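Q: sequence-free structure coming up:
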């Protein structure tokens, strides 16, 4: 039954925020278990941003995950075949991802998504990470 939601976007693999969620979505999709609400954006949005930061194509990384690589092995593959990032850039990445929607170019989109989800009055939802956590029942 295709009704599973992926793990939290706040989880990390070897310091790489969001990476476990990307891998989880690939595995759930492969198993036919990914909730249909996630299908339209599979490989775009934060999935795409993560791949761009790593310097690899989404389809290539997804193939590695579908072939059975663990999160750690998939990240090692991405680092070997993509861009090598120093620790300060990984820290910038974490800050970028955890603050998207807060006083930036996506603020209005976050406001729209909050209204659509019935969260318009939720002052604790300041970023898209907060929104995802609330929308999936973790916040």
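A: Alright, I've got the coordinates. These figures come from a predicted structure and were not determined experimentally.
Q: And stretch 10-18, what's buried?
A: For stretch 10-18, the buried set under the neighbour-count rule, 16 or more other C-beta atoms under 10 Å, comprises 10, 11, 13, 16, 17, 18. No exception for glycine: its C-beta is placed from N, CA and C like everyone else's.
Q: Same check on stretch 53-66?
A: Residues of stretch 53-66 classed as buried by neighbour count (16+ other C-beta under 10 Å): 53, 54, 56, 57, 58, 61, 62, 64, 65.
Q: what does stretch 37-55 give?
A: In stretch 37-55, counting by 16+ other C-beta under 10 Å, buried: 38, 42, 43, 46, 47, 49, 50, 51, 53, 54.
Q: What separation do you get for the spatially closest residue to the first one that is not a sequence neighbour and residue 120?
A: Yep, that's residue 38 we're talking about. Closest residue in space to residue 38, ignoring its immediate chain neighbours: residue 25 at 6.2 Å, by C-beta to C-beta, 6 or more residues apart in numbering. Residue 25 sits 27 Å away from residue 120, going by C-beta to C-beta, to the nearest Å.
Q: the more surrounded of the two?
A: Counted by other C-beta atoms under 10 Å, residue 25 and residue 120 do not tie: residue 25 has more neighbours, with 25 against 11.
Q: Confirm that one sits in a helix?
A: Yes. Residue 25: assigned to a helix according to DSSP: H, G, I helix; E, B strand; the rest coil.
Q: That one contacts residue 34, doesn't it?
A: Yes. If you go by C-beta atoms under 8 Å, residue 25 and residue 34 touch, sitting 6.2 Å apart.
Q: what sits in contact with each of those two?
A: Counting by C-beta atoms under 8 Å, 6 or more residues apart in numbering, the residues touching both residue 25 and residue 34 are 6, 42.
Q: Show me where the chain has its helices.
A: Secondary structure of the chain (DSSP state H): helices located at 19-30, 46-54, 58-66, 71-81, 87-99, 107-117, 128-135.
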